[in-house]
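[1] requesting a structural model of the entry that follows:
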Amino acid sequence: MKFINYSVVKFSIFLSFGILSAHFLSNNSYYFHYVGLGCVSLLIISWYIAQRALYPSILFGICTYSCFFYIGFSNYQLRLPHFQPYHYSNFIAKDVSQCLQLKIKEVLKPDLYHYKYIVETEAVHGNPTAGRVLLTIQKNTINPLLEIDATLLVDSKISEVPQSVNPYQFAYSNYLKTLGIHHQVKINQQAILGQLEGSRTLRGLSEKIRIHIINKLEKTSLKSDERSIVQALVLGQRKDINKEIYEAYAAAGAIHLLAVSGLHVGILYLLLIGLLRPLKRLRHGNILVGLLILCFLWGFALIAGLSPSVVRAVTMFSFFTFTQLSRRPINSINTLFLSYFTLLLINPFWLFHVGFQLSYLAVFFILWIQPLLYRLYFPKNFLSKKFWGIFTVSMAAQVGVAPLSLYYFHQFPGLFLVTNLVVLPFLGILLIGGIIVVVLATYDVLPNGIAQLYNWLVEVLNTFIGWIAQQEAFLFDDIPFSEVKVIASYLTIVSIVLIWKRISVSRIVCSLICFGCFTGVLLFEKVTYSGQQFVIFHKSRQTLLAYKNGTSLSIFHSDTIAGLEHKFPLKSYKVSQHIRNISERPIPNVFTFNNNKILVLDSLGVYPTIKNVDVVILTQSSKVNLDRLLDRVQPKLILGDGSNYLSYISRWRDTCKKRKIPFHHTGTEGAYFIDY
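    Sure thing, here's the model as predicted:
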């Protein structure tokens, strides 16, 4: 076995702990700088002592790991706005229009009414600034989609990205913070004072090349659906994929095929190694092969748009290429953690990206347990060896990413092995074929026969994916999986693999403890989610109430909507709260829950004679006289949901403020809970 430098692994782990601590303790971070200074001082002292000792002391090790912890912590902290003197947030006033100079850095997928961009703020009122914001431009009949590197001068307010208002909803604002985005700018065409073509960047050049290639592909005989797959596989452009095809790939557990990531770069890396192997016979052939691989990989990243996922994957495999060039006995796990360490030094926010987490977990488990799986069976012929290799790689990767996939996506594709056994060999052919098609189409020399052959190959793949997606009995969805369960799952998996590698009493005891922790988590969550809860959700133009009793949920809503439990915002609540039985009912005028009287008023504003009400829910822009209502029912809280006009909400809030009665609006304060 090649040497494994466990120090690299440990340094990476403590660096990650530092980043995580900075992320979750960012509001109490200043004292950590004094701790960091103390760690560095202790490290210098312990290093001086270690020079006179035969072996390093425990103090030296503790201080070393503490320093890497502090490096991760400070690397994250120094990228936050309040540590950057030129960040735009230091130059803006709240709720006041600003003259902003913005440069387009990334084009996001537009919705029905808006174009969306990630932009860099170059100046605020003429003051040079830095920092990214989310730019949303209202669509009209004349404004075109802007390109990367375009510079805009706009007059607008900078506002915070709103927080999630419903429980267990995807926290878009938190996701944007991992991209370094803390605010948004929402404008229409009239707010744009000027537009220039900014200085060209590498990302802008990449986008220009990609647009040029897409325009060339549109002139070929490739069909629209097949062309969209080529654009996804080679160019990283998924916006033209048919919605039905995209949903079929998602249901088949093959959605990762449509996003250029570590899988695509890894297949390309292996194919390049095989194709360039004869060059190693030349003098300095090993260096030549390594340089060619690096050129091909980074060229692929360039035409794929230089997205963060592609750059991370190419960087990781570039490290593998460098280790091949060094000809030193370095284990692949060393290289993996070295690339992991380097990428987190470059951008610590990548640690919170789903693609980053899944990619490194998949590669790590492939390197760690795939050899153990492969040795369970020794196939004799070439074809069976290849299929056994794909089988073991798929199993190892699935074991590595399953807990995290369940946490993020709450589903498990039961036919993932069938999909991988067919698709992975097919993907290599499609990827190489797609690159050939793109190159030939760019120079207008793509033969019609090659285009038709590629059309047929993609049609075969789509047909197979569609068949897999139709096997709904093998798609296990709506699986609740919490953060604690993820941690307990990985501890159990790691302990089992350690026993598999070498049986010892200590490892058996550790495995039993981890298994006990996992069982304890299951029992704890079962007890936790067995209680009762009344929820007033926020849903635009609708009233949506729910009563949870253990694993049963009763939904009260104003409109008859089929399949409401599978739609926003109930779907995420149902999964996270372990709901199994759902019923729908009309909204009554009065609820009684946990000794709380809840009065619901609709647009008519008619209510029964009742006193000592705890909560009054105003819906559908009720015409009720609020002052008279407050005198009669004497509520403890007034609540307005998403079915009301904002003008009504503002008027009710002012009335409650004068009467010194709490007012809660689900659109600003979020959903309201009453627990038992």
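[2] verify the stated contact: L153 with A191.
    No. Contact criterion CB atoms under 8 Å: L153 and A191 do not qualify, at 9.9 Å. Heads up, the C-betas are built off the backbone N, CA and C, glycines and all.
[3] what residues sit buried inside stretch 238-255?
    238, 241, 245, 248-255 (16 or more other CB atoms under 10 Å).
[4] pLDDT check: weakest of these?
    Note: of the buried residues of stretch 238-255, the lowest pLDDT belongs to G253, at 71.
[5] any idea what the spatially closest residue to that one that is not a sequence neighbour is bridged to?
    Spatial nearest neighbour of G253, chain neighbours left out: P413 (2.7 Å); criterion: CB to CB, 6 or more residues apart in numbering. P413 forms beta bridges with L475, as assigned by DSSP bridges.
[6] wait, P413 sits on D477?
    No. In this structure, P413 is not within contact of D477 by CB under 8 Å, at 9.4 Å.
[7] neighbour count: these two, which is higher?
    A direct count of neighbours by other CB atoms under 10 Å for P413 and D477 places P413 higher, at 25 against 13.
[8] can you count the residues close to S530?
    Quick note: S530 (other CB under 10 Å) scores 12 neighbours.
[9] next SSE after the helix or strand hosting I429?
    Remark: I429 resides in helix 416-442, with elements defined by DSSP states H and E. Scanning forward in sequence from helix 416-442 by DSSP H and E, the next helix or strand is helix 448-470.
[10] so for that next one, what's the average pLDDT?
    Helix 448-470 comes out at a mean pLDDT of 86.
[11] do stretch 639-658 as well
    Per-residue scores along stretch 639-658 average to 92.
[12] quick one: distance of that stretch to the chain centre.
    The chain centre lies 35 Å from the centre of stretch 639-658; the measure is CA atoms, centre = their mean, to the nearest Å.
[13] that one: which residues count as buried?
    Applying 16+ other CB under 10 Å to stretch 639-658 flags 639-644, 648-649, 652-653, 655-656 as buried.
[14] ok, now stretch 413-426?
    413, 415-416, 418-420, 422-424, 426.
[15] now the protein, which segments are flagged as low pLDDT?
    1-5, 26-40, 42-43, 45-57, 141-143, 326-330, 559-566 (pLDDT under 70).
[16] what comes up buried for stretch 71-86?
    Those buried within stretch 71-86 under the rule 16+ other CB under 10 Å are 71-77, 80.
[17] out of these, which are inside helices?
    Using DSSP state H, the subset of these located in helices is 71-77.
[18] thinking again about what came up before, return the closest of the buried residues of stretch 639-658 with respect to L373.
    Using CB to CB, G642 comes nearest to L373 of those, at 51.0 Å.
[19] and that closest one, that one's in a strand?
    No. Using DSSP: H, G, I helix; E, B strand; the rest coil, the assignment for G642 is coil, not a strand.
[20] list just the nearest of the buried residues of stretch 413-426 to F515.
    F416 (24.5 Å).
[21] residues contacting the closest one?
    Going by CB atoms under 8 Å, 6 or more residues apart in numbering, F416 touches 253, 394, 398.
[22] try 10 Å this time
    Counting by CB atoms under 10 Å, 6 or more residues apart in numbering, F416 touches 252-254, 394-395, 397-398, 402, 423, 468, 474.
[23] then N589?
    Taking CB under 10 Å, 6+ apart, one finds 598-602, 606-608, 610 in contact with N589.
[24] how close does it get to I255?
    Distance of N589 to I255, given as CB to CB, to the nearest Å: 46 Å.
[25] got the domain ranges for the chain?
    Split into domains by automatic domain parsing, the chain comes to 6-78, 88-199, 207-477, 483-528, 532-675.
[26] tell me what angle the helix holding I429 forms with helix 448-470.
    On the basis of axes from the mean of the first three to the mean of the last three CA atoms, to 10 degrees, helix 416-442 is oriented at 150 degrees to helix 448-470.
[27] start to end distance for stretch 469-480?
    21 Å (CA to CA, to the nearest Å).
[28] list the buried ones in it?
    By 16+ other CB under 10 Å, the buried positions in stretch 469-480 come out as 469, 474-475, 480.
[29] tell me which two of the buried residues of stretch 639-658 sit farthest apart.
    The widest separation within those (CB to CB) is 19.5 Å, between G642 and T655.
[30] give me the phi and psi angles of the residue of the chain most remote from its centre.
    The outermost residue of the chain, judged against the average C-alpha position, is T609 (50.7 Å), by CA atoms, centre = their mean. Phi and psi for T609, reported as degrees, to the nearest 10, are phi -80, psi 110.
[31] quick one, what contacts it?
    632-633.
[32] quick one: the strands in the stretch 551-676 of the chain?
    Applying DSSP state E, counting those that start in this stretch to the stretch 551-676 of the chain gives strands spanning 552-557, 581-585, 590-593, 596-601, 615-618, 637-640, 663-665, 672-675.
[33] among the ones you listed, which is nearest Q138?
    Proximity to Q138, assessed across the strands of the stretch 551-676 of the chain by CB to CB, is greatest for strand 663-665 (24.7 Å).
[34] parallel or antiparallel, which strands does the closest one pair with?
    In the sheet, strand 663-665 lines up with strand 637-640 (parallel) (DSSP bridges).
[35] so what's Q190 up against?
    Applying CB under 10 Å, 6+ apart to Q190 gives the contacts 138, 140, 155.
[36] ok, back up a step: of the contacts of N589, grab the buried ones for PyMOL.
    With 16+ other CB under 10 Å as the burial test, the buried ones among those are selected in PyMOL as follows:
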select buried, resi 598+599+600+601+602+607
